[in-house]
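1. sequence-free structure coming up:
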């Protein structure tokens with residue numbers, strides 16, 4: 001923790017340890033009574049974690065084909081258990097629990113290997129170094145390089161995202177409309193329904209399940225929908241304005 005507290009320019013971090021074959025991020029803890037978790041990241045942030053993780057996991061796979069099971073990829077509390085006190089949460093959450101302060105992942109080396117016929121365990125906490133331990137170190141070092149590539153891309157990103165919806169404002173609808181948003185990259189949608197110009201303080205889309213992204217926005221009467229997308233680096237597109245017409 002001293003490192004990130006001393007150098008405030010650190011924006012990405014990775015905790016790598018043995019073993020289990022997990023690839024995780026925040027939230028990593030919950031209160032046992034009622035299973036109340038730390039606040040989940042905004043939808044755009046969680047989508048960014050998944051997108052960045054895909055790049056990092058591809059780097060791991062490139063060494064000898066090792067893949068991390070989808071069921072072991074995601075927020076810690078979704079795929080493992082409450083890991084209260086973990087460094088990922090300590091890095092991610094700011095004092096007011098709104099993040100991310102630092103994009104942090106938890107690696108667990110030791111993913112099962114497929115030999116063409118069945119899954120094989122890689123050797124638990126202390127595998128033989130020559131036949132297995134060295135290769136685990138190399139493939140997950142590849143993952144570290146992938147994280148550095150993600151960080152470099154983040155630092156150079158000055159391109160605003162683009163977004164669109166599935167609604168045609170030229171016609172009329174006979175009943176409620178589910179507006180589905182599509183974005184060119186991981187992004188958060190801010191919108192208004194009262195004709196006011198949306199800002200970063202405007203409402204955002206609700207989550208549609210743990211891993212399903214944003215839920216559709218239901219419009220039940222003729223409404224002027226205004227919105228814009230903002231990516232994780234803060235790039236914003238110009239606001240959109242659509243009048244959705246619904247017959248009474």
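-> Yep, it's here. Just so it is clear, the model here is predicted, and its values are computed rather than measured. Numbering: from 1, shown residues only.
2. Now do the same contact list for residue 93.
-> Residue 93 makes contact with 26, 38, 39, 99, 100, 101, according to C-beta atoms under 8 Å, 6 or more residues apart in numbering. For the C-beta atoms, the positions are set from N, CA and C on the backbone; glycine is no exception.
3. Read off the pLDDT value for residue 170.
-> Reported pLDDT at residue 170 in the predicted model: 86.
4. ugh, typo on my part, it should be residue 98
-> 58.
5. what does residue 213 give?
-> 84.
6. was I right about it contacting residue 45?
-> No. Using C-beta atoms under 8 Å as the test, residue 213 is too far from residue 45 to be in contact (12.0 Å).
7. Would you mind measuring the gap between the ends of stretch 73-92?
-> Stretch 73-92 has an end-to-end distance of 17 Å (C-alpha to C-alpha, to the nearest Å).
8. Report the buried residues of the longest strand anywhere in the chain.
-> Longest strand in the chain by number of residues (criterion: DSSP state E): strand 223-231. Across strand 223-231, burial judged by 16 or more other C-beta atoms under 10 Å covers 223, 225, 226, 227, 228, 229, 230, 231.
9. With pLDDT and distance to residue 88 added, can I get the residues you listed in TSV?
-> What follows is the buried residues of strand 223-231, written out as TSV (pLDDT from 0 to 100; distance: C-beta to C-beta, whole Å):
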residue	pLDDT	distance to residue 88
223	97	40
225	98	36
226	98	36
227	98	31
228	98	30
229	98	26
230	97	24
231	97	22
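10. can you list the domain ranges for this structure.
-> The chain breaks down by automatic domain parsing into domains covering 2-156, 163-246.
11. Ignoring the adjacent residues along the chain, who's closest to residue 191?
-> Among residues not flanking residue 191 along the chain, residue 227 sits closest, at 3.8 Å (C-beta to C-beta, 6 or more residues apart in numbering).
12. which residues are contacting the helix or strand harbouring residue 51?
-> If you go by DSSP states H and E, residue 51 is part of helix 43-64. Contacts with helix 43-64, where a contact means C-beta under 8 Å, 6+ apart, come from 23, 25, 40-41, 66-68, 73-75, 99-100, 103, 105, 135, 138-140, 142-143, 145-147, 149-150, 185-189, 204-205, 207, 213-214, 230-232.
13. In helices, which of these fall?
-> Secondary structure defined by DSSP state H assigns 135, 138, 139, 140, 142, 143, 145, 146, 147, 149, 150 of these to helices.
14. Can I get the buried part of those as one ChimeraX selection?
-> Selection of buried members from the ones in helices among the contacts of helix 43-64 for ChimeraX, criterion 16+ other C-beta under 10 Å:
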select :135,139,140,142,143,146,147,150
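15. could the ones in helices among the contacts of helix 43-64 go into CSV alongside pLDDT?
-> Listed next are the ones in helices among the contacts of helix 43-64 as CSV, based on pLDDT from 0 to 100:
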residue, pLDDT
135, 93
138, 94
139, 94
140, 92
142, 95
143, 94
145, 97
146, 96
147, 96
149, 98
150, 97
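16. ok so, going back, the longest strand of the chain - contacts with which helices or strands?
-> For strand 223-231, the elements it packs on are helix 43-64, strand 163-165, strand 181-183, strand 187-192, strand 240-246, judged by 3 or more C-beta pairs under 8 Å, 6 or more residues apart in numbering; DSSP states H and E.
17. Pick the most buried one from these.
-> Each of the helices and strands packed on strand 223-231 was scored by mean neighbour count; the highest is strand 187-192, a mean of 22, by mean count of other C-beta atoms under 10 Å.
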